[in-house]
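Undergrad: Need a 3D model of the following:
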Amino acid sequence: MAIPAILKLDAGGLPVAWINWQTAATLYARERVCWEAGQERFAIRGGINALGVRSFFEIGSIIAVADRSRRFQKGVPLLNNRTLFQRDENLCLYCGNLFPTTQLTRDHVVPVSRGGANVWENCVTACRRCNQAKDDRTPEQAGMKLLAIPYTPNLAEYLILQNRRILADQMAFLRSFAQSGRRERASRRPS
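TA: Numbers count the residues shown, from 1 in each chain. This next block holds a predicted model:
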(Lines give C-alpha, C1' and ligand atoms only; values in the text may rest on other atoms or scores of the structure.)
Protein backbone atom coordinates (compact mmCIF):
# COMPACT_ATOMS: atom_id res chain seq x y z
CA MET A 1 0.00 0.00 0.00
CA ALA A 2 1.32 3.42 -0.91
CA ILE A 3 1.46 5.90 1.93
CA PRO A 4 -0.92 8.81 1.26
CA ALA A 5 -0.08 12.47 1.80
CA ILE A 6 0.44 13.49 5.42
CA LEU A 7 -1.48 16.51 6.74
CA LYS A 8 0.97 19.00 8.24
CA LEU A 9 -0.21 21.39 10.96
CA ASP A 10 1.56 24.27 12.62
CA ALA A 11 2.39 23.89 16.30
CA GLY A 12 -0.91 25.60 17.19
CA GLY A 13 -2.89 22.98 15.29
CA LEU A 14 -3.83 24.95 12.17
CA PRO A 15 -3.62 23.05 8.87
CA VAL A 16 -0.67 24.16 6.74
CA ALA A 17 -0.05 21.79 3.82
CA TRP A 18 0.07 18.27 2.45
CA ILE A 19 3.53 16.70 2.62
CA ASN A 20 4.86 13.37 1.38
CA TRP A 21 5.90 10.63 3.80
CA GLN A 22 9.60 11.25 3.09
CA THR A 23 9.30 14.86 4.28
CA ALA A 24 7.34 13.67 7.31
CA ALA A 25 10.04 11.11 8.10
CA THR A 26 12.68 13.86 7.94
CA LEU A 27 10.64 15.99 10.33
CA TYR A 28 10.41 13.05 12.75
CA ALA A 29 14.16 12.36 12.46
CA ARG A 30 14.95 16.03 13.16
CA GLU A 31 12.56 15.93 16.13
CA ARG A 32 10.41 18.72 14.66
CA VAL A 33 7.10 16.90 15.21
CA CYS A 34 5.42 18.37 18.32
CA TRP A 35 2.37 16.15 18.40
CA GLU A 36 0.12 13.97 16.25
CA ALA A 37 -3.59 13.71 15.63
CA GLY A 38 -5.71 11.13 13.86
CA GLN A 39 -5.83 7.38 14.13
CA GLU A 40 -3.90 6.32 11.02
CA ARG A 41 -0.23 5.38 11.41
CA PHE A 42 2.30 4.20 8.86
CA ALA A 43 5.35 2.03 9.47
CA ILE A 44 8.60 3.23 7.92
CA ARG A 45 11.42 0.72 7.70
CA GLY A 46 14.92 1.93 6.96
CA GLY A 47 18.29 0.36 6.42
CA ILE A 48 20.23 -2.05 8.59
CA ASN A 49 22.87 -0.58 10.91
CA ALA A 50 26.30 -2.02 11.83
CA LEU A 51 24.70 -4.12 14.59
CA GLY A 52 22.35 -5.75 12.07
CA VAL A 53 19.29 -3.94 13.35
CA ARG A 54 16.82 -2.48 10.87
CA SER A 55 15.63 1.03 11.68
CA PHE A 56 11.91 1.45 12.14
CA PHE A 57 9.49 4.16 13.20
CA GLU A 58 5.89 5.14 12.66
CA ILE A 59 4.49 8.35 11.30
CA GLY A 60 0.99 9.70 11.90
CA SER A 61 -1.44 10.80 9.20
CA ILE A 62 -1.69 14.25 10.85
CA ILE A 63 1.39 15.86 12.40
CA ALA A 64 1.99 19.22 14.07
CA VAL A 65 5.39 20.69 13.31
CA ALA A 66 7.37 23.38 15.11
CA ASP A 67 8.70 25.37 12.19
CA ARG A 68 8.00 28.60 10.38
CA SER A 69 5.40 27.10 8.11
CA ARG A 70 3.76 29.56 5.80
CA ARG A 71 0.21 29.02 4.87
CA PHE A 72 -0.70 30.32 1.44
CA GLN A 73 0.77 33.64 0.34
CA LYS A 74 -1.19 36.72 1.40
CA GLY A 75 -3.93 34.47 2.80
CA VAL A 76 -5.36 33.57 -0.61
CA PRO A 77 -5.08 30.05 -2.05
CA LEU A 78 -4.02 29.59 -5.66
CA LEU A 79 -6.92 29.70 -8.09
CA ASN A 80 -6.81 27.03 -10.76
CA ASN A 81 -9.51 25.24 -12.74
CA ARG A 82 -9.22 21.93 -10.88
CA THR A 83 -9.81 23.47 -7.46
CA LEU A 84 -12.43 25.89 -8.82
CA PHE A 85 -14.41 23.00 -10.33
CA GLN A 86 -14.07 21.06 -7.08
CA ARG A 87 -15.20 24.08 -5.04
CA ASP A 88 -18.33 24.26 -7.20
CA GLU A 89 -18.74 20.44 -7.13
CA ASN A 90 -18.59 20.20 -10.95
CA LEU A 91 -21.89 22.06 -11.21
CA CYS A 92 -22.49 24.76 -13.75
CA LEU A 93 -23.50 27.65 -11.53
CA TYR A 94 -25.84 28.95 -14.24
CA CYS A 95 -27.87 25.90 -15.34
CA GLY A 96 -27.23 23.81 -12.22
CA ASN A 97 -26.30 20.66 -14.12
CA LEU A 98 -23.43 18.37 -13.19
CA PHE A 99 -20.66 17.94 -15.80
CA PRO A 100 -17.36 16.09 -16.19
CA THR A 101 -14.38 18.45 -15.91
CA THR A 102 -13.71 18.19 -19.65
CA GLN A 103 -17.00 20.01 -20.30
CA LEU A 104 -16.47 22.78 -17.75
CA THR A 105 -14.97 26.25 -18.08
CA ARG A 106 -14.00 29.09 -15.78
CA ASP A 107 -16.40 31.98 -16.07
CA HIS A 108 -15.66 35.46 -14.79
CA VAL A 109 -18.88 36.86 -13.30
CA VAL A 110 -17.73 40.35 -14.23
CA PRO A 111 -15.82 39.73 -17.47
CA VAL A 112 -12.11 40.55 -17.46
CA SER A 113 -12.69 42.83 -20.48
CA ARG A 114 -15.01 44.90 -18.25
CA GLY A 115 -12.56 45.19 -15.37
CA GLY A 116 -13.36 41.92 -13.60
CA ALA A 117 -10.47 40.30 -11.75
CA ASN A 118 -9.26 36.73 -11.99
CA VAL A 119 -9.97 36.02 -8.30
CA TRP A 120 -12.03 33.42 -6.43
CA GLU A 121 -14.87 35.90 -5.71
CA ASN A 122 -15.28 36.63 -9.42
CA CYS A 123 -14.90 33.12 -10.86
CA VAL A 124 -17.46 30.34 -11.12
CA THR A 125 -17.73 27.01 -12.86
CA ALA A 126 -19.80 27.07 -16.06
CA CYS A 127 -20.58 24.54 -18.73
CA ARG A 128 -19.42 25.48 -22.21
CA ARG A 129 -22.98 26.19 -23.38
CA CYS A 130 -23.75 28.60 -20.54
CA ASN A 131 -20.37 30.30 -20.78
CA GLN A 132 -20.92 30.93 -24.49
CA ALA A 133 -24.48 32.14 -23.88
CA LYS A 134 -23.30 34.58 -21.20
CA ASP A 135 -20.52 35.75 -23.51
CA ASP A 136 -18.87 39.05 -22.51
CA ARG A 137 -21.67 40.19 -20.20
CA THR A 138 -22.53 40.09 -16.52
CA PRO A 139 -25.16 37.50 -15.50
CA GLU A 140 -27.75 40.29 -15.18
CA GLN A 141 -27.01 41.60 -18.68
CA ALA A 142 -27.23 38.06 -20.08
CA GLY A 143 -30.48 37.33 -18.20
CA MET A 144 -28.82 34.41 -16.39
CA LYS A 145 -29.19 33.75 -12.69
CA LEU A 146 -26.08 32.83 -10.71
CA LEU A 147 -26.99 29.89 -8.44
CA ALA A 148 -24.28 30.49 -5.81
CA ILE A 149 -22.12 33.31 -4.58
CA PRO A 150 -18.45 32.68 -5.43
CA TYR A 151 -16.10 32.70 -2.43
CA THR A 152 -12.47 32.17 -1.52
CA PRO A 153 -11.99 28.84 0.26
CA ASN A 154 -10.25 29.02 3.63
CA LEU A 155 -7.06 26.99 4.06
CA ALA A 156 -8.83 23.87 5.35
CA GLU A 157 -11.29 23.92 2.45
CA TYR A 158 -8.44 24.49 0.00
CA LEU A 159 -6.48 21.53 1.40
CA ILE A 160 -9.58 19.37 0.96
CA LEU A 161 -9.83 20.53 -2.66
CA GLN A 162 -6.13 19.88 -3.31
CA ASN A 163 -5.94 16.23 -2.26
CA ARG A 164 -7.77 13.45 -4.06
CA ARG A 165 -6.91 10.74 -1.50
CA ILE A 166 -7.78 12.10 1.92
CA LEU A 167 -7.95 9.64 4.80
CA ALA A 168 -11.06 9.66 6.99
CA ASP A 169 -9.20 11.05 10.03
CA GLN A 170 -7.63 13.80 7.92
CA MET A 171 -11.02 14.73 6.42
CA ALA A 172 -12.64 14.89 9.86
CA PHE A 173 -9.82 17.13 11.11
CA LEU A 174 -10.02 19.48 8.11
CA ARG A 175 -13.81 19.67 8.20
CA SER A 176 -13.61 20.91 11.77
CA PHE A 177 -11.74 23.96 10.39
CA ALA A 178 -13.88 24.47 7.30
CA GLN A 179 -16.59 27.01 7.93
CA SER A 180 -20.10 25.72 7.55
CA GLY A 181 -22.58 27.72 5.60
CA ARG A 182 -19.96 29.66 3.61
CA ARG A 183 -21.94 29.24 0.48
CA GLU A 184 -25.29 30.82 -0.05
CA ARG A 185 -27.15 28.78 -2.60
CA ALA A 186 -30.50 29.70 -3.96
CA SER A 187 -30.89 26.04 -4.85
CA ARG A 188 -28.79 23.28 -6.21
CA ARG A 189 -30.99 22.90 -9.25
CA PRO A 190 -33.25 25.51 -10.75
CA SER A 191 -37.00 24.85 -10.58
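Undergrad: In three-state terms, how would the residue of the chain most remote from its centre be classified?
TA: Outermost residue of the chain with respect to the C-alpha centroid, by CA atoms, centre = their mean, is Leu51; its distance is 44.9 Å. The three-state label for Leu51, taken from DSSP: H, G, I helix; E, B strand; the rest coil, comes out as coil.
Undergrad: and it, backbone torsions?
TA: phi -90, psi 0 (degrees, to the nearest 10).
Undergrad: Same question for Leu147.
TA: Main-chain dihedrals, Leu147, degrees, to the nearest 10: phi -80, psi -10.
Undergrad: Setting aside sequence neighbours, what's the nearest residue to it?
TA: Taking CB to CB, 6 or more residues apart in numbering as the measure, Leu147 lies nearest to Leu93, with 4.9 Å between them; neighbours along the chain are not counted. C-betas here are computed from N, CA, C, even on glycine.
Undergrad: quick one: contacts for that neighbour?
TA: Counting by CB atoms under 8 Å, 6 or more residues apart in numbering, Leu93 touches 107, 124-126, 146-148, 150.
Undergrad: same question, Leu27
TA: 19, 33, 63, 65, 67.
Undergrad: Quick one, which of the contacts of Leu93 are buried?
TA: 107, 124-126, 146-148, 150 (16 or more other CB atoms under 10 Å).
Undergrad: Looking at those residues, which is nearest Ser176?
TA: Set against Ser176, the nearest of the buried ones among the contacts of Leu93 by CB to CB is Ala148 (23.1 Å).
Undergrad: shouldn't that closest one be in contact with Asp88?
TA: Yes: when contacts are counted by CB atoms under 8 Å, Ala148 is listed as touching Asp88 (7.1 Å).
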